[in-house]
Every structure is written in structure tokens, then in C-alpha cells.
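[1] Need a 3D model of the following:
(2 chains)
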Number of protein chains: 2
Amino acid sequence: MAGRVTIKDVAEAAAVSVTTVSHILNEVAGKRISPETRRRVVDTAKRLGYAPNDLARGLRLQRSNTIGFVSDEIATTPFAGRIILGAQEAAAARGLLLLMLNTGGDPELERKEIEVLLQRQVDGVLYAAMSHRVVRVPDGLGAVPTVLLDCRSDDLAVSSVVPDEEQGGYTATRAVLDHGHRRVGLVNNAEPIPATGGRLAGYRRALAEAGVAFDPGLVVTDLCDTAGGYRAAREILRRDPRPTALFCFNDRMAMGAYRAAAELGLAIPTDLSVIGFDNQELICEGVFPALTTVALPHYEMGARAVELLLGKVSPAAHELLRCPLVTRASVAPPPRL
Amino acid sequence: MAGRVTIKDVAEAAAVSVTTVSHILNEVAGKRISPETRRRVVDTAKRLGYAPNDLARGLRLQRSNTIGFVSDEIATTPFAGRIILGAQEAAAARGLLLLMLNTGGDPELERKEIEVLLQRQVDGVLYAAMSHRVVRVPDGLGAVPTVLLDCRSDDLAVSSVVPDEEQGGYTATRAVLDHGHRRVGLVNNAEPIPATGGRLAGYRRALAEAGVAFDPGLVVTDLCDTAGGYRAAREILRRDPRPTALFCFNDRMAMGAYRAAAELGLAIPTDLSVIGFDNQELICEGVFPALTTVALPHYEMGARAVELLLGKVSPAAHELLRCPLVTRASVAPPPRL
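    Just a heads-up that it's a prediction; the model follows:
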């Protein structure tokens, strides 16, 4: 936050007291301030790019020191709990507590919960989805600074933090291409969510950069669970010549690909390299050999959303966070034919 | 709650108004009530078994309609999220919301969080652990009705709900004994937590009931992850004669046992039956064949803890909830020798 324009800078430039700037910008009623002074202060603030920090103002006025965390089912499912951890630790570092409410995806419960949060004067709300999707921002949230976490909205006035799915797909595909693979299958999700298209786009960009022609026959989609991954991998591994590497939409599908490989007598990684997505540790460290994957930046998204909430929220920011490679033991050079 | 004795029943039986009963039982100061009336109302309440509902009283006085849910890391790890779901749905069914706070196991953060909950006048607190353990009840919680969830305390004045580990171990062992197995290995956790001893005791009781002598050579302990399960299973499967079934402390250890079996060329379940514990669906439905296991009653514990919080909390209740068998595909009769 170094270099940020403060209320003191505005006061000095406009040759008035900080109190006067505060009264004008916070629209405190009943203060006798001339229209000229008012205009000069507003213009100066605009010229210097002074952005009143809505949340800090909330803190001073209301002393709530809490942030609401409203999510569908992050807390109740095993997939994205580190989002909560990241948000909580970033909040705690600033002396703020996180009050979590879980809607289970029920709009009526969600409406009630948001009402309760507003009654309790939370300083801001993180509205978080279990996995990257497009949402409608609930009406009640108009009244309070809000950041969308692992979701985004068509309403671009609300800031958001989501994973960079395209970069993640690119990173996964590059990881196998860099080992020398040229026939790389994609076991993709059939559901049209942002991750599906984003990861496919990243796969195609990495292939193009490496001068490998895109072969639609090497892309098979199915349900994004173990059984779906098993079926899709079996289908791709029937191609002739057989791919030497599979990029799987998520770690569950990769677990299914492991089973398909075992049934075909293919050893991982000597006969077939497999890379997943999500970094679901129960799976990645449980399968043998341990699964190389690309991590969803859950912790980082949670922490970054708190920073956005506490920082300048106007104009809105729309951030894509990097999905890093997590190298374990399932990717190796292709077998020599 | 049908048949529950109400304050109206007490008033009628004692021939006084509901207001008088309320003043007496709530010990409202400054009311002129004769000692005779007071004694009659107290005796009548006792005789009828009227239990003042501490929480309902809190609701009327403070109109908070929220329950605090303080946990170490349930929300941030993939293991026990359904505890939150059970508590939330039971609370919602009664028009109450759950405010969750996650301590990450940090006592200082926990102290602050409990202070915030009390400032916001929650009607009660569920104090929940990610896995069954013995805790010290934080001092701040003395001021508000509290139920311990998936943990218990040496302070027996605080109600608790935990899984019945002994019954769970018994159920798992019975499941393989009932298929005809007589040499059943136990891949146990090395950590001395309640689950370790409880599941071992259940294993021994099931063996004894079936007339199978306990063989300490068939019990091996290690870290409770996949690698630990792999090592322990390899060691047990070296015994001669080889066990035909393994009961594993948790699903992660069972996943390691699958790998040990594969390396030894043993097919599951035809050559070796395997049963886990936890019902961690990412694992149970991801491995092949799908893992038969015993479920931790996470959802039920969460729901039951809310019921205890809303019900009669004095004297304290200490409940063990049943861990049910979840049959999938990894248990079959032993191979014919």
C-alpha cells in the first residue's frame, strides 16, 4: 500500500484540514462548509486519485472487526477448505475475524444469512463458491463491500478472484511436453463450467507452441469423477498410435486413468505419464506412484480476496490467480518405441 | 418435542399464572412472591419433570437466533465437513443460523473468537474437533450453553457427542468374520488417540465372540496415512499362514493396503478382503474395487449436538453415536485353500 494517496495528501493539496476533507467526503450532515471549499476538496481528491477506503471507513464508524464469509458448501465438502484457511489467516493478520455462513446452495437460507451478517454489521463479505463458476450476486450484498471468491458475476462492479484455468491447463500440458511427449491425451470434464473450457484452451495453446497439431480424437469428455476418468482414459488409450501421456481434468479423473492403465498393463510413468489438476492431497499422495498435478490456488485466493476487500474496491478488480505445477512421480519421458 | 412439560403445565398444576412461574424459575429479582408460592412452584416443576430450556430462555431474552460453531480445522480440511452440514441443517430446521469460526488450533485466536461470539450473544456454542479427541474446554465458554462435538473433556459438566469407536471396530471386524474369515489382520494407527484404542477393543470383542483367539502378531501399527498402511499391510501379509482379511484403521491406510496387495499379486476381494474406516468418499469410491468401510457419523453428530444444545443441558449428556457399515466391493468370503 506504499504510495497510496491518503486523506492527509488531499487536505494539504486543497489547503484545508483533514477533518474538513473527512466531513466532505463522508458527506457528514450539518457541517457548515462553503460550496467552493466542497468543490475544491472533491476535485482535489479526484485529481490525486484518492479512493476512500470503504471498509476502513466502516471499521472506524462501526468497529465491527469482522468479515462475513458466505459460501455454498466449501466448509462441508472435502474440496476447497484451504480457501477458508487463506481468508482466515489474512483476516487474522489484520486483527479481523471471519464469520462463516454456509448456504448449502439454498437461496432462501442465503438471503437470511446475508441479512444476519448485515444486522451484525460485518465490514465486508466474501461470497465464495466451492468451485469456479458464474453466480448472480445476491441483492442484499449491494449494501456492503463484497468480493467474489472462486466465482464471478456478469455484474462487473463486484470484484472477483478466480483461478487462471487457461494457464493451469497450459502448465499441465507443458509439463508433459517438456519431458518429450508428443501424443498427449486430454481426459476432460463434460460439464460446461469455466474450468472445462479454460483448461482445454491452455492444452491447445501449449500444443500449438510446441508445434504439435491438435487432434480432437485425443480429447474425450465424461463425468468428472473416478469412473468417468476410467472410461475416458480407456477410450483414449485405444487410439493407434497410443498417447504416451494423459492430462486429466482433475485428480479424481486421473485416479480413474490409473486404473485404466493398470488394466492395460501400462506402468506409470514408464509406459504412460499422467498429470492431474486440483492437488487433492488425499488422492495425489494416496495413489501409487504419487500424482503430479497442478494446484488450484485455494489458500492464495482466500488471502487475496481479503486483501481486495480491505483495499481499494472501486473500480472493481478481476483477478486470475496462477495455478502452479506440483511435481510428484507420475510424469517421466515417453517410452522409446 | 411432543409430550414435553411446558411452563403452562407447571402454572396450571401449581394454580398460579405463567408469569409467576417464570419469575420464580428464572429467579427474577425484586418480585414479591410468598415463600409458600415459591416452594409450591419449584416442587411442582420438579414433580412434573419440567426442565427449563436454557437456550429457549436465551432466545426470548436476547433474540439472537444464532449458534456459534467453533472448530479447530473442520472447515479447512477434507475430513469432517459433514459435521458442519448436520449442525447447520438441524439449526436451520429450528430457525437458527450457525456462525462458524475456525481457530486453526491457535489458543489465542480461539480466545478472541469466543469473545466475539459472546459479544454477539450467540445462544449457545458447539465446540468441535476435526477428529475425536480429549480437549480442555476454553474458559470463555463457561458463560454460555456449550456442547462438545467429536471431542470430549475431563470436565463432565459439559455435554459431548462422539463416535462409538469400539462399536465401529466391532462392526468392521464382524463384517469380515461374517463372511467366514478367521485370520483377520488389524492395520492400526500408532497414535494413542481414542479411535486407536476403541477400534482395537472392538476388533478384540468381535474376535472373542466368534471364538477366534487374538493373535498380537496380526496387529501392526504405523502412521495413519497411505504410506503407513502400505508398510503395515506388507508386514502383516508376510505372516504364515497369511491373513485372508485386513481391517484398516482408516481409508487412507486401506488405500496403502491395496497397493501392498497389488505388489504381492493378491486380488481384492478374491484373495484378500479389505475393510476401512471413515467412509472418506474420495477414497472409497475412487479405489478399485470400491472400499467397504465403516462410516464416522459426522452428519449425525453435528445434528445431535444441536439437539443437545437446544434441549435439556443439565445434567450433561455424553453420547456415543453409532458408526454404520458401508458395504461396497472389497469384502468377500476367504479363498478356498
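[2] so who does the closest residue to residue A:102 other than its chain neighbours touch?
    Excluding its sequence neighbours, the residue lying closest to residue A:102 (C-beta to C-beta, 6 or more residues apart in numbering or on different chains) is residue A:75, at 5.0 Å. All C-beta atoms are positioned from the backbone trio N, CA, C, and that covers glycine. By C-beta atoms under 8 Å, 6 or more residues apart in numbering or on different chains, the contact list for residue A:75 reads A:81, A:84, A:100, A:102, B:74-75, B:81, B:84, B:100.
[3] Tabulate those in CSV, adding columns for secondary structure and distance to residue A:69.
    Below are the contacts of residue A:75 laid out as CSV (DSSP: H, G, I helix; E, B strand; the rest coil; distance: C-beta to C-beta, whole Å):
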residue, secondary structure, distance to residue A:69
A:81, helix, 12
A:84, helix, 7
A:100, strand, 4
A:102, strand, 9
B:74, coil, 14
B:75, coil, 9
B:81, helix, 15
B:84, helix, 13
B:100, strand, 8
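[4] quick one: the longest strand belonging to chain A to chain centroid distance?
    Ranked by residue count under DSSP state E, the longest strand found in chain A is strand A:125-135. Its chain's average C-alpha position is 8 Å from that of strand A:125-135, according to C-alpha atoms, centre = their mean, to the nearest Å.
[5] need the contacts of residue A:75 in TSV with distance to residue B:307 and pLDDT, can you?
    Output for these, formatted as TSV (distance: C-beta to C-beta, whole Å; pLDDT from 0 to 100):
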residue	distance to residue B:307	pLDDT
A:81	26	88
A:84	26	91
A:100	22	86
A:102	19	86
B:74	19	87
B:75	21	85
B:81	20	88
B:84	16	91
B:100	18	86
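[6] would you turn these into CSV with distance to residue A:271?
    Shown next, in CSV, are those (distance: C-beta to C-beta, whole Å):
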residue, distance to residue A:271
A:81, 35
A:84, 40
A:100, 46
A:102, 44
B:74, 41
B:75, 41
B:81, 37
B:84, 43
B:100, 47
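[7] re the thing from before, helices or strands next to whichever helix or strand comes after the longest strand of chain A in the packing?
    Once strand A:125-135 ends, the next helix or strand along the chain (criterion: DSSP states H and E) is strand A:146-153. Applying 3 or more C-beta pairs under 8 Å, 6 or more residues apart in numbering or on different chains; DSSP states H and E, one finds that strand A:146-153 makes contact with helix A:81-93, strand A:125-135, strand A:159-163, helix A:298-310.
[8] Repeat the analysis, applying 6 Å as the threshold.
    With contacts defined as 3 or more C-beta pairs under 6 Å, 6 or more residues apart in numbering or on different chains; DSSP states H and E, strand A:146-153 has these neighbours: strand A:125-135, strand A:159-163, helix A:298-310.
[9] right, is the last one up against chain B?
    This means helix A:298-310. No: Helix A:298-310 does not reach chain B (C-beta under 6 Å from any C-beta of the partner chain); its nearest approach is 9.3 Å.
[10] and that helix, how far out from the chain's middle?
    Per C-alpha atoms, centre = their mean, the centroid offset for helix A:298-310 relative to its chain is 9 Å.
[11] what's the model's confidence in the helix or strand just after that helix, averaged?
    Downstream of helix A:298-310, the next assigned helix or strand under DSSP H and E is strand A:318-321. Average pLDDT, strand A:318-321: 96.
[12] Tell me the helices and strands packed up against strand A:318-321.
    Using 3+ C-beta pairs under 6 Å, 6+ apart: strand A:318-321 touches strand A:159-163.
[13] And the helices in chain A?
    A:7-14, A:18-25, A:35-48, A:54-62, A:81-93, A:107-119, A:165-177, A:194-209, A:226-237, A:251-263, A:281-284, A:298-310 (DSSP state H).
[14] Figure out which of the ones you listed is closest to residue B:252.
    helix A:281-284 (7.1 Å; C-beta to C-beta).
[15] If you count neighbours, what's buried in the closest one?
    Going by neighbour count (16 or more other C-beta atoms under 10 Å in any protein chain shown), the buried part of helix A:281-284 is A:281-284.
[16] In space, what's closest to residue A:13 - neighbours in sequence excluded?
    residue A:44 (4.9 Å).
[17] if I look at that neighbour, how far off is chain B?
    39 Å (C-beta to the nearest C-beta, to the nearest Å).
[18] Can you name the residues that contact that residue?
    A:10, A:13-14 (C-beta atoms under 6 Å, 6 or more residues apart in numbering or on different chains).
[19] cool, and residue A:235?
    Residue A:235 sits next to residue A:220 when contact means C-beta under 6 Å, 6+ apart.
[20] Starting from residue B:118, give me the distance back to it.
    Going from residue A:235 to residue B:118 by C-beta to C-beta, to the nearest Å gives 58 Å.
[21] what residues does the stretch 151-300 of chain A put near chain B?
    A:226, A:255, A:259, A:282, A:286, A:288.
[22] circling back to that earlier point, of all the helices and strands packed on strand A:146-153, which gets the most neighbours per residue?
    strand A:159-163 (a mean of 26; mean count of other C-beta atoms under 10 Å in any protein chain shown).
[23] what helices or strands is it leaning on?
    Strand A:159-163 packs on strand A:146-153, helix A:298-310, strand A:318-321, going by 3+ C-beta pairs under 6 Å, 6+ apart.
[24] Adjacent strands (with direction) for it?
    The pairing partners recorded for strand A:159-163 under DSSP bridges are strand A:146-153 (parallel), strand A:318-321 (parallel).
[25] in chain A, what residue is nearest chain B?
    The minimum distance from chain A to chain B, using C-beta to the nearest C-beta, falls at residue A:78 (3.0 Å).
[26] which non-adjacent residue is nearest that residue?
    residue B:78 (3.0 Å).
[27] contacting residues for the closest residue to residue A:183 other than its chain neighbours?
    Closest residue to residue A:183 apart from its sequence neighbours, by C-beta to C-beta, 6+ apart: residue A:243 at 4.3 Å. When contacts are counted by C-beta under 6 Å, 6+ apart, residue A:243 touches A:183, A:185, A:218.
[28] And the pLDDT at residue A:14?
    For residue A:14, pLDDT reads 90.
[29] quick one: it and residue A:22, what's the gap?
    12 Å.
[30] Mind checking which of those two has more residues around it?
    residue A:14 (21 against 18; other C-beta atoms under 10 Å in any protein chain shown).
[31] Could you list the low-pLDDT ranges of chain A?
    A:1-5, A:26-31, A:49, A:51-63, A:312-314, A:337 (pLDDT under 70).
[32] Domain-wise, how is it divided?
    For chain A, automatic domain parsing gives the domain ranges A:7-46, A:59-164+A:298-322, A:165-296.
[33] Quick one: end-to-end distance for the first one.
    Terminal residues of domain A:7-46 are spaced 12 Å apart (C-alpha to C-alpha, to the nearest Å).
[34] residues from the stretch 1-150 of chain A in reach of chain B?
    A:75-78, A:81, A:84-85, A:88, A:97, A:99-100, A:102, A:113, A:116.
[35] could I get the domains of chain A as CSV with distance to residue A:334?
    Formatted as CSV, these follow (distance: least, C-beta to C-beta, whole Å):
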stretch, distance to residue A:334
domain A:7-46, 60
domain A:59-164+A:298-322, 27
domain A:165-296, 4
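[36] for the ones you listed, which one sits closest to residue B:275?
    Nearest to residue B:275, of the domains of chain A and by C-beta to C-beta, is domain A:165-296 at 16.9 Å.
[37] ok, the nearest residue to residue A:136 once chain neighbours are set aside to residue A:133 distance?
    The shortest distance from residue A:136 to any non-neighbouring residue, by C-beta to C-beta, 6+ apart, is to residue A:153 (6.7 Å). The spacing between residue A:153 and residue A:133, counted by C-beta to C-beta, is 10 Å.
[38] Please apply the same query to residue A:294.
    In terms of C-beta to C-beta, residue A:294 sits 19 Å off from residue A:133.
[39] ok, back up a step: with distance to residue B:138 as extra columns, can I get the helices and strands packed on strand A:159-163 in TSV?
    As requested, the helices and strands packed on strand A:159-163 are exported to TSV (distance: least, C-beta to C-beta, whole Å):
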stretch	distance to residue B:138
strand A:146-153	29
helix A:298-310	25
strand A:318-321	35
